[in-house]
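Chemist: Using only what follows, build the 3D model:
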Amino acid sequence: MATDVPTTTHFTALDNLSLLPVEEQLNRLCDGLTTGGPDPAKSVFAEFRYHRRHSRSIGIRKGEVSDMSSRSFEGVGIRVLARGSWGFAATSDLSPDGLERALRQAREMALLFADRKSEQSFLESYPERMARGGYSVAGFAELGSMPIEAKFDLVQQSEEQLRQSSQWIEAAMCGYTEVFEEKYITTTDGARCRLNLVRPELRFAAFASKDGQTSRGSDSVGVTGGWECLFQNRPAEAFIDTAAKNAVELLSAPPAEGGKQRVILAPAMVGLLSHEAIGHTVEADFVDSGSVAAGKLGQMIASPLVTLCDSGRSEYAEGAGGILPVDDEGVLAGRTPIIEAGKLVSYLHNRESAAKHGVAPTGNARAWEFNDEPLIRMRNTYVEPGESELDEMIGGIDDGYFIDGPEGGQADATGEFMFGASRVRKIRGGKLAESVQKLSVSGNAFEVLQSVDAVSRDFRWDLGSGHCGKGQPAKVDAGGPYLRCSVLAGGAQA
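Modeler: This next block holds a predicted model:
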């Protein structure tokens with residue numbers, strides 16, 4: 001299924017692109033292959049990806065500095081497709097000789113294994129999907145020029161405020177990380193683009209103790225954008241208050257009741273469900289391996305109220321943590337509907353899987369570092385907002401739970417999942433009541449989405465901190481509105 005392409009409403013176009021020496025050299029190598037003539041050794045597809053990353057971290061725990069570090073690296077990854085076989089090589093030697101050597105190695109690897117493959121790889125040409133020019137996500141220059149002292153001060157003050165917010169809190173921690181990414185991608189079939197972006201995040205945790213009971217409360221935020229983007233929805237004090245209140249309330253909260261429950265899932269839980277239990281099952285490599293989504297295109301798999309998408313843009317709200325104008329194959333990373341009004345309409349593809357399925361690539365090929373090959377990965381995965389008011393949704397539940405504060409868990413290719421939740425309140429008689437202990441939420445993701453009978457107008461990105469793992473990390477985000485649905489809750493009786 002074709003997807004729309006991003007516009008510069010979310011990214012600033014970089015005009016009059018001034019190339020770095022390494023970028024000029026990659027262009028020469030690429031053009032040399034493009035005009036290589038009839039020589040079979042040069043009749044190949046090639047993809048060149050320069051990547052520079054610079055990251056800084058600050059951590060304060062119990063009033064002491066626990067982390068103050070800075071890391072940088074740069075290098076080039078080269079993939080070659082020759083005679084139906086891929087070859088890959090990476091190098092941090094950015095000299096002309098080093099880059100030419102890596103290209104030869106990638107080509108040799110492709111040809112070496114060409115006769116040993118049972119199934120040939122191939123690509124289709126989609127020139128309108130290939131990125132040209134430059135893209136810069138807001139905040140890159142601003143955050144880079146901001147004094148590190150100002151960032152340190154906020155982390156130090158936040159940790160102190162969190163630690164002193166209650167007599168029951170014995171320890172606290174606050175951490176800040178920022179990652180600057182610069183990439184240049186060129187391919188023999190038309191991509192030639194540069195990408196600049198920065199991803200900052202803040203994490204807060206409080207540890208409380210009373211009468212032999214201990215508990216932990218936390219909150220975090222991660223975005224793609226500048227410093228102010230971190231606080232566009234809430235000030236730092238609100239994150240501190242959430243972490244502290246969560247830790248203290250859990251000290252005396254009653255246990256939750258287990259069993260099938262009617263619940264309201266907050267945007268963070270909706271995002272976790274969308275990413276872990278749905279998103280991975282529709283990644284085309286998992287589909288081809290037999291995930292539960294295989295063979296279900298065109299079928300109703302969720303409530304007609306549910307539209308679920310994955311996008312390289314920050315839809316409905318600014319600053320999503322997985323913003324990606326261009327993927328690591330040079331493909332424009334637009335919005336891809338996965339479930340549309342309950343019907344499964346698309347999988348997530350890289351260029352190879354798209355060709356195999358006979359569709360356009362969706363811009364979901366991502367590599368963590370220059371020496372990693374791109375894999376099919378999500379960007380920002382979400383359920384679109386609906387028409388219901390949250391108060392009315394809560395009012396429709398006589399006995400159930402309001403569930404927020406995801407604490408990870410697991411999901412598999414069948415759609416079965418189990419997630420933890422730390423900020424849970426009882427719903428009694430259509431009203432929010434007391435907080436309860438942490439519980440687990442489980443079930444089959446598609447059955448949960450089929451049970452949805454209300455979707456709120458609200459929308460929030462809420463999983464931008466941390467990383468997704470699939471052989472290599474990836475920075476993603478997920479979120480959505482509030483959903484009213486049925487889940488299996490693991491509490492006192494579970």
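
Chemist: Can you show me the helices along this protein?
Modeler: Secondary structure of the chain (DSSP state H): helices located at 21-34, 96-114, 140-145, 148-163, 236-252, 267-272, 284-288, 351-357, 390-395, 445-450.

Chemist: Distance of residue 216 relative to residue 168?
Modeler: Residue 216 is 12 Å from residue 168, where distance means Cβ to Cβ, to the nearest Å. For the C-beta atoms, the positions are set from N, CA and C on the backbone; glycine is no exception.

Chemist: Show me the common contact partners of the two, please.
Modeler: Here residue 216 and residue 168 share the contacting residues 208, 247, scored by Cβ atoms under 8 Å, 6 or more residues apart in numbering.

Chemist: neighbour-wise, which of the two wins?
Modeler: The neighbour comparison of residue 216 against residue 168 (other Cβ atoms under 10 Å) goes to residue 168, with 19 against 16.

Chemist: Verify the stated contact: the more buried one with residue 208.
Modeler: Yes - between residue 168 and residue 208 there is a contact under Cβ atoms under 8 Å: 4.5 Å.

Chemist: Could you tell me which residues within stretch 213-225 count as buried?
Modeler: 215-225 (16 or more other Cβ atoms under 10 Å).

Chemist: Now it: average pLDDT?
Modeler: Averaging pLDDT along stretch 213-225 gives 96.

Chemist: Using PDB, list the CA coordinates for that stretch.
Modeler: Extracted in PDB, the C-alpha atoms of stretch 213-225 (Å, rounded to 0.1, in the frame of the first residue of the first chain):
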ATOM      1  CA  GLN A 213       7.400  -1.500  52.600                       C
ATOM      2  CA  THR A 214       9.400  -0.100  49.700                       C
ATOM      3  CA  SER A 215       8.200   1.200  46.400                       C
ATOM      4  CA  ARG A 216       9.400   3.000  43.200                       C
ATOM      5  CA  GLY A 217       7.800   5.700  41.200                       C
ATOM      6  CA  SER A 218       9.000   7.100  37.900                       C
ATOM      7  CA  ASP A 219       8.300   9.300  35.000                       C
ATOM      8  CA  SER A 220      10.200  10.200  31.800                       C
ATOM      9  CA  VAL A 221      10.000  12.100  28.600                       C
ATOM     10  CA  GLY A 222      11.900  11.800  25.300                       C
ATOM     11  CA  VAL A 223      11.400  13.800  22.100                       C
ATOM     12  CA  THR A 224      13.000  14.600  18.800                       C
ATOM     13  CA  GLY A 225      13.500  18.400  19.000                       C
END
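
Chemist: Tell me how far it lies from the chain's centre.
Modeler: Relative to its parent chain, stretch 213-225 has a centroid offset of 17 Å by Cα atoms, centre = their mean, to the nearest Å.

Chemist: what does stretch 251-266 give?
Modeler: Put simply, stretch 251-266 sits 28 Å off its chain's centre (Cα atoms, centre = their mean).

Chemist: Mind checking the pLDDT average for it?
Modeler: For stretch 251-266, the mean per-residue pLDDT is 95.

Chemist: circling back: deepest-packed of the helices of the chain, please.
Modeler: Highest mean neighbour count of those: helix 267-272, a mean of 27 (counted as mean count of other Cβ atoms under 10 Å).

Chemist: Show me what that one is packed up against.
Modeler: strand 380-383, strand 399-411, strand 416-428, strand 460-461, strand 477-480 (3 or more Cβ pairs under 8 Å, 6 or more residues apart in numbering; DSSP states H and E).

Chemist: cutoff 10 Å now
Modeler: When contacts are defined as 3 or more Cβ pairs under 10 Å, 6 or more residues apart in numbering; DSSP states H and E, helix 267-272 packs onto strand 259-265, strand 380-383, strand 399-411, strand 416-428, strand 460-461, strand 477-480, strand 483-490.

Chemist: and these, which one's lowest on average pLDDT?
Modeler: Across those, strand 399-411 gives the lowest mean pLDDT, at a mean of 93.

Chemist: Now that strand: buried residues?
Modeler: Here strand 399-411 shows 400-406, 409, 411 as buried, counting by 16+ other Cβ under 10 Å.

Chemist: wait, which of those is closest to residue 122?
Modeler: Using Cβ to Cβ, residue 411 comes nearest to residue 122 of those, at 31.5 Å.

Chemist: so who does that closest one touch?
Modeler: With contact taken as Cβ atoms under 10 Å, 6 or more residues apart in numbering, residue 411 is in contact with 272-273, 275-281, 417-419, 442, 444-445.

Chemist: Tell me which two of those sit farthest apart.
Modeler: For the contacts of residue 411, the farthest-apart pair by Cβ to Cβ is 279 and 442; their separation is 17.6 Å.

Chemist: Compare the two (neighbour count), which wins?
Modeler: Shown here are residue 279 and residue 442; by other Cβ under 10 Å, residue 279 has more neighbours (27 against 19).

Chemist: thinking that one is in contact with residue 348, fair?
Modeler: Yes - Residue 279 lies in contact with residue 348 (Cβ atoms under 10 Å); the separation is 7.4 Å.

Chemist: and for these two, which residues touch both?
Modeler: 286, 310, 338, 364, 377-379, 381.
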